[in-house]
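Student: based on what follows, work out the 3D shape:
(chains A and B)
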Amino acid sequence: MEHTLPALPFAMDALAPHMSKETFEYHYAKHHQAYVTNLNNLIKGTDFESKSLEDIVKSAPAGGVYNNAAQVWNHTFFWNCLSPNGGGAPAGGLADAINKKWGSLDEFKKAFQTSAVGNFGSGWTWLVKKADGSVDIVNMGAAGTPLTAGDKALLCIDVWEHAYYIDYRNLRPKFVETFLNNLVNWKFAEANFA
Amino acid sequence: MNFPQRAFPSSTLATSGGISTAMLENMSFPYELPALPYAMDALSPVISENTLRFHHGKHHQTYIDALNKAIDDTEFQAMPIKAMILASGAGGKTEIFNNAAQAWNHAFYWDSLCEKGGGDPSPILKQMIDASFGSVEACRQELLHAAVTQFGTGWAWLVLEGKKISVMKTEDADTPLTSGMKPLLAIDVWEHAYYLDYQNRRKDHVAGVIDKLINWKFAADNLA
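Tutor: So this is what the prediction gives:
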């Protein structure tokens, strides 16, 4: 199947000033699009051509097909983790699971901040639900994704420099803090947890 | 600033040529940011002054600061930086390794570039490149390919192994020093190296670096 760039769940300028329109013009329209284009080119005439995106991510060996497929999936997931009315607090079962693990939302935020800032190089920091129903924070490098680890992805932040360099330059800590306080879409995470 | 000279225990730890690299290798704890070997605007327009201000003044500085913090009160504190890179890499001390290697990789990268660089290497280096790659153009293509295909963060290198020159790429902070190769040139392909000037167009950036900024004299000096 031909993979296509999914529409953003908000307008390109909807997250300004936290994430600028210019960032989305590159991050979404160039980087995400390039992963889609590369994936389509790489799978042409291979067994992967008939597989769904998730199946490719789960079955491709390390290398170009995996990297591009996982980056397509991760970016689509990441856009859904952002909201123009983001921030605030989670509710329901997810809130309970976070409190059980970290004691409070503030302690979770501190732990997530530390992980995302310490995720060396390019990669992704995830909040995941484990098989036993508990939640955890997982750092992954490059095109890493929980799809291959068997955990359920609840939330993520992209810490490749292209995610924040236009708006924050070298200040990754400020980007992560803004994500947690102003952008995070807890409704999406709650739906993933349910 | 005071940079005490050291006696290095073996030839593999000999001080590399190049101003920034030599400064760093001759420092002891606490480390300071080695100076750039040229003015902030010397590499413009391929690498803008704005990019160098962030890349040198913020990113490289942050690695130096994080290194000092990580080695304070450890047995690594007394080691010369190359020995520290090898020991921390072998010992799985990731935080020390990442910051020590990035401190050194960046110093070596500054020396790998110069105003009005590019062109042809000097005769001896050119002869070795011809013998290893067939031509300077083939070497250029291979270096460009390595830099463009290094997925995520990392570095592309020209290295010497025995008499043969080859291209390698490394991930994140990894450096050819840990695999016993002798680095001749480095190209940084972390996005912070080019995002302000080229955004997603890494290939345009790397082509500009190779054609206009590569310091072939530094590479030739490193053969020794």
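
Student: first-to-last residue distance for stretch B:123-143?
Tutor: Start-to-end span of stretch B:123-143 (Cα to Cα, to the nearest Å) is 20 Å.

Student: please disregard the earlier target; I meant stretch B:166-181.
Tutor: 10 Å.

Student: buried residues in that stretch?
Tutor: Neighbour counts using 16 or more other Cβ atoms under 10 Å in any protein chain shown place B:166-170, B:172-177, B:181 of stretch B:166-181 among the buried residues. Every C-beta, even on glycine, is put in place using the N, C-alpha and C of the backbone.

Student: now, among those, which is nearest to residue A:71?
Tutor: residue B:172 (17.0 Å; Cβ to Cβ).

Student: distance of the closest residue to that closest one other than its chain neighbours from residue A:159?
Tutor: Spatial nearest neighbour of residue B:172, chain neighbours left out: residue A:121 (3.9 Å); criterion: Cβ to Cβ, 6 or more residues apart in numbering or on different chains. From residue A:121 across to residue A:159, the span is 9 Å (Cβ to Cβ, to the nearest Å).

Student: name the element residue B:168 belongs to?
Tutor: Taking DSSP states H and E as the definition, residue B:168 sits inside strand B:164-171.

Student: follow-up on the earlier one: of residue A:121 and residue A:159, which one has the most company?
Tutor: Just comparing residue A:121 and residue A:159: by other Cβ atoms under 10 Å in any protein chain shown the higher neighbour count belongs to residue A:159, 25 against 19.

Student: give the closest residue to that one in space, chain neighbours not counted.
Tutor: Excluding its sequence neighbours, the residue lying closest to residue A:159 (Cβ to Cβ, 6+ apart) is residue A:119, at 5.1 Å.

Student: same check, this time on residue B:150
Tutor: residue B:169 (4.3 Å).

Student: what is the longest helix seen in chain B packed up against?
Tutor: Secondary structure of chain B per DSSP state H: the longest helix is helix B:94-112. If you count contacts as 3 or more Cβ pairs under 8 Å, 6 or more residues apart in numbering or on different chains; DSSP states H and E, helix B:94-112 packs onto helix B:19-25, helix B:61-71, helix B:81-90, strand B:182-188, helix B:216-222.

Student: distance of residue B:134 relative to residue B:19?
Tutor: 32 Å.

Student: more neighbours: which of these two?
Tutor: residue B:19 (16 against 11).

Student: contact partners for the closest residue in space to that one that isn't next to it in sequence?
Tutor: Once flanking residues are discounted, residue B:19 sits nearest to residue B:37: 4.0 Å by Cβ to Cβ, 6+ apart. Each residue near residue B:37 by Cβ atoms under 8 Å, 6 or more residues apart in numbering or on different chains is listed here: B:18-20, B:110-111, B:114.

Student: quick one: name the residues of chain A near chain B.
Tutor: A:26, A:30-31, A:34, A:67, A:120-123, A:141-143, A:160-162, A:165-166, A:169-170 (Cβ under 8 Å from any Cβ of the partner chain).

Student: of the residues you listed, just the buried ones, PyMOL syntax please.
Tutor: Here is the PyMOL command that selects the buried residues among the residues of chain A next to chain B (16+ other Cβ under 10 Å):
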select buried, chain A and resi 26+31+67+120+121+122+123+141+142+143+160+161+162+165+166+169+170
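
Student: the residues of chain A next to chain B in strands, which ones?
Tutor: Among the residues of chain A next to chain B, DSSP state E puts A:123, A:141 in strands.

Student: for the closest residue to residue B:168 other than its chain neighbours, give the beta-bridge partners.
Tutor: Excluding the flanking residues, the one nearest residue B:168 by Cβ to Cβ, 6+ apart is residue B:157, at 5.1 Å. On the basis of DSSP bridges, residue B:157 is bridged to residue B:168, residue B:186.

Student: and residue B:157, how many neighbours?
Tutor: Residue B:157 has 26 nearby residues by other Cβ under 10 Å.

Student: make sure it is actually in contact with residue B:189.
Tutor: No. Taking Cβ atoms under 8 Å as the definition, residue B:157 is not a contact partner of residue B:189, at 10.7 Å.

Student: the residue nearest to residue B:150: what's it in contact with?
Tutor: So residue B:169 contacts B:146-147, B:149-150, B:154-157 (Cβ under 8 Å, 6+ apart).

Student: which of those residues ranks first by neighbour count?
Tutor: Most crowded among the contacts of residue B:169, counting by other Cβ under 10 Å, is residue B:155 at 29 neighbours.

Student: so how far is residue A:11 from the closest residue to that one other than its chain neighbours?
Tutor: For residue B:155, ignoring the flanking residues on the chain, the nearest one in space by Cβ to Cβ, 6+ apart is residue B:170 at 5.0 Å. As judged by Cβ to Cβ, residue B:170 and residue A:11 stand 40 Å apart.

Student: then residue B:142?
Tutor: Counting by Cβ to Cβ, the gap from residue B:142 to residue A:11 is 43 Å.

Student: now do residue B:42
Tutor: Residue B:42 is 41 Å from residue A:11, by Cβ to Cβ.

Student: neighbour count for the two, which is higher?
Tutor: residue B:42 (16 against 11).

Student: spatially nearest residue to that one, not counting backbone neighbours?
Tutor: Here the residue nearest residue B:42, using Cβ to Cβ, 6+ apart, is residue B:115, at 4.2 Å.

Student: next: residue A:170.
Tutor: Closest to residue A:170 by Cβ to Cβ, 6+ apart is residue B:58, at 4.4 Å.

Student: burial count for that neighbour?
Tutor: By other Cβ under 10 Å, 13 other residues sit near residue B:58.

Student: next, it: phi, psi?
Tutor: phi -110, psi -60 (degrees, to the nearest 10).

Student: much appreciated, bye for now.
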